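K.L.:
here are the coordinates; sequence isn't available:
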């Protein structure tokens, strides 16, 4: 298993490409209430994707727990688009 150097053990949310299923970004929002993240999704997630010149419509934002339920290991570099 490759370990991704940009993976942060504290990431709570990830941007996943809808077509490839690969992770493109992660965030540690453990100190932010989930209702706030939902209400201000653009501020917390979408703006970053736009800054990286990624089309937000092509990505879904998921929690670390959601990834694990889908069998995707965020610590594996194989699951990241930039590996």
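P.N.:
That came through fine. Keep in mind it's a predicted model, so treat the numbers as computed, not measured.
K.L.:
so where is the protein shaky, pLDDT-wise?
P.N.:
Applying pLDDT under 70 to the chain flags residues 1-7, 83.
K.L.:
how long is stretch 37-52 end to end?
P.N.:
20 Å (Cα to Cα, to the nearest Å).
K.L.:
do the same with stretch 55-63
P.N.:
End-to-end distance for stretch 55-63, by Cα to Cα: 19 Å.
K.L.:
tell me which residues of the helix or strand containing residue 36 are tucked away?
P.N.:
Assigned by DSSP states H and E, residue 36 belongs to helix 34-39. By 16 or more other Cβ atoms under 10 Å, the buried positions in helix 34-39 come out as residue 37. Glycine gets a C-beta too; all of them are placed from N, C-alpha and C.
K.L.:
ok, now stretch 43-58?
P.N.:
44, 45, 46, 49, 54, 56.
K.L.:
For the closest residue to the third one other than its chain neighbours, give me its contacts.
P.N.:
Going back to what we said before, that points to residue 46. Nearest in space to residue 46, with sequence neighbours left out and distances taken as Cβ to Cβ, 6 or more residues apart in numbering, is residue 56 at 4.8 Å. Residue 56 makes contact with 45, 46, 49, 50 under the criterion Cβ atoms under 8 Å, 6 or more residues apart in numbering.
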